[in-house]
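# What follows is a predicted protein model with its sequence.
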Amino acid sequence: MLAALAALSNPHRLRVVAALASGGRNYVSQLARELNISRPLLHLHLQKLEEAGLVTSQMELSEDGKALNFFDTTRFAIDLTPAMIAEAVATLTNNPEK
């Protein structure tokens, strides 16, 4: 839960999830154009979202032999309750970066 909340705390990542949710799976170059951000920056955000389990990726070859990395959202729902927060707090370390 903490990884998902951390991933979704960034406005760029929220835009990525929204674009994939409304437009369906997409490859990195096209998604970068649609969101008007650079591919390296998009890769960084997609990596964070994938590590949190919010998106998946699949490499495919186009008809002309180019490798395209497609991303799509996973099915997820975050039901945040005080009890869930208390449970998550019990897993925290003294190092907030982890």
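Perfect, thanks for sending it.
# how about the residue most central in space within the chain, what does it touch?
The chain has residue 49 as the residue nearest its centroid, 2.3 Å off, counting by CA atoms, centre = their mean. By CB atoms under 8 Å, 6 or more residues apart in numbering, the contact set of residue 49 is 7, 13, 16, 17, 55. Every C-beta, even on glycine, is put in place using the N, C-alpha and C of the backbone.
# Now the closest residue to the last one other than its chain neighbours: phi and psi?
Take residue 55 and drop its neighbours on the chain: the residue closest to it by CB to CB, 6 or more residues apart in numbering is residue 49, 4.4 Å away. As for residue 49, its main-chain torsions (degrees, to the nearest 10) stand at phi -70, psi -40.
# how about the helices of the chain, start to end?
2-8, 11-23, 28-35, 39-51, 82-89 (DSSP state H).
# So what touches the first one?
Contacts with helix 2-8, where a contact means CB under 8 Å, 6+ apart, come from 13-14, 17, 48-49, 51-54, 76, 78, 88, 91-92.
# Just the buried ones from those residues?
13, 17, 48, 49, 52, 54 (16 or more other CB atoms under 10 Å).
# pLDDT score for the last one?
Meaning residue 54. Per-residue confidence (pLDDT) for residue 54: 97.
# Perfect, that will be all.
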